[in-house]
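> sequence plus the predicted model coming up.
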Amino acid sequence: MEITLGDLDPGAELAELRAALLERPRRIPSRYFYDRRGSELFEAITELPEYYPTRAETALLEAHADEIARATGAEELVELGSGAASKTRILLDALARAGNLRTYVPLDVSEAMVRRSAEELAAAYPELTVHGLVADFHHHLDHIPPGEPRLVIFLGSTIGNLRPAEAVAFLRGIAAPMAPGDFFLLGVDLVKETAVIEAAYNDAAGLTAEFNRNILRVVNRLAGGDFEPDRFAHRAFFDPANRWIEMRLVARGAQTVRLPKLDLTLELADGEELLTEISCKYERRQVERMLARGGFSLDRWFTDDERLFGLALARHDASRPEGGSWHQGTI
Ligand SMILES: C[S@@+](CC[C@H](N)C(=O)[O-])C[C@H]1O[C@@H](n2cnc3c(N)ncnc32)[C@H](O)[C@@H]1O
């Protein structure tokens, strides 16, 4: 097992955070949710009765993993935003049954999660080469070591955290260097009754609220800041025009927040909101269009009877002229 630390640039991260906090509404990029505590809270959220996406996606993987393994013939599984990689085992088992599996590459910004999942999976699959990458999937795909045929997976509807134009740019970044025989598996949350979606982000146990507020602790650590998380209320609602959930933190009372490493002092009004996450909900045709614009053609579409969640298996569209390499000797 090997772990590689990508060259995450703390200076650029702080500059991006500062710029986001100065937007209106003020914003904190969602990837700051995932320190160790944030990743643990997210894992706990995935087990809540209201949080249907993980159960629905797991069931789809269980039902279709063997078909996916046969269709792709993949020897290497690359997982973007791998987190705890709990669902990954379903695919690893199927790829192992298909007899081709050699390598697993989990990539995540959370070093703690990459280490933990890489260690657990290397122990559970002794024959498997595990190469963990602590990296940003917007910038560091070139850190992925060579190896094919490949299946690249992006689960948990993490793509929903990107605005539509960002999602297409992100897909192009994945598609360009892929070989014609490579596949991409994308998990997406589907449009459904608003009450069902909103309940998933407003659980009765208050874990999502805690997860949301935890982002302020991460920012405090990064920026030497003095946000008081308990002085913010959690708010999550479905925006039907954009078809996305917005998660916000609402200031309880006017407050001054000092962030010395960002050279920034925020004067927040009572009720002022910080946007911490969007989570887009899709329909199949939108996913197909987004994949096409990103350089993929949809090969298979899997969904459940209730149309809660979708899994799109796509091929790199070889008619696209661009090419490149994920492994340009950076590491
Ligand atoms: C919604 S969770 C999904 C985790 C897991 N894939 C699942 O399906 O349960 C999103 C994951 O993406 C990671 N992540 C978010 N932004 C990232 C980025 N820019 N680069 C790499 N990983 C990122 C987070 O650390 C987190 O583990």
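On my side now, so go ahead.
> what's the pLDDT at S319?
S319 is assigned a pLDDT of 71 by the prediction.
> what's the burial count for it?
Per other CB atoms under 10 Å, the neighbour tally for S319 reads 7. To be clear about C-beta, it is placed using only N, CA and C from the backbone, and glycine gets the same treatment.
> also A314?
Considering only other CB under 10 Å, A314 is surrounded by 26 other residues.
> same thing with E79?
With other CB under 10 Å as criterion, E79 counts 25.
> swap in the one 3 residues further on?
For S82, the tally of surrounding residues (other CB under 10 Å) stands at 30.
> quick one: it and T276, what's the gap?
21 Å (CB to CB, to the nearest Å).
> what ranges does the protein have for its strands?
2-5, 26-27, 76-80, 103-108, 129-134, 150-154, 183-189, 232-239, 244-251, 255-259, 264-268, 273-280, 296-303, 309-316 (DSSP state E).
> lowest-confidence stretch among these?
strand 2-5 (a mean of 88).
> helices or strands up against it?
The helices and strands touching strand 2-5, judged by 3 or more CB pairs under 8 Å, 6 or more residues apart in numbering; DSSP states H and E, are helix 111-124, strand 129-134.
> note down every partner strand of the last one and its orientation.
This points to strand 129-134. Partners of strand 129-134 in the sheet, by DSSP bridges, are strand 2-5 (parallel), strand 103-108 (parallel).
> that one near the ligand anywhere?
No - on the criterion CB under 6 Å from any ligand atom, strand 129-134 is out of touch with the ligand, staying 8.7 Å away.
> got the angle for that strand vs helix 111-124?
Here strand 129-134 runs at 170 degrees with respect to helix 111-124, directions being taken by axes from the mean of the first three to the mean of the last three CA atoms, to 10 degrees.
> related to what we said a few turns ago, pick the most deeply packed of the helices and strands packed on strand 2-5.
The highest mean neighbour count among the helices and strands packed on strand 2-5, using mean count of other CB atoms under 10 Å, belongs to strand 129-134: a mean of 22.
> just the C-alphas of it, formatted as PDB.
C-alpha atoms of strand 129-134 as PDB (Å, rounded to 0.1, in the frame of the first residue of the first chain):
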ATOM      1  CA  THR A 129      -2.300  -2.900  -4.900                       C
ATOM      2  CA  VAL A 130      -3.800   0.100  -3.100                       C
ATOM      3  CA  HIS A 131      -2.400   3.500  -4.100                       C
ATOM      4  CA  GLY A 132      -4.000   6.300  -2.000                       C
ATOM      5  CA  LEU A 133      -3.900   9.900  -3.200                       C
ATOM      6  CA  VAL A 134      -4.500  12.900  -1.000                       C
END
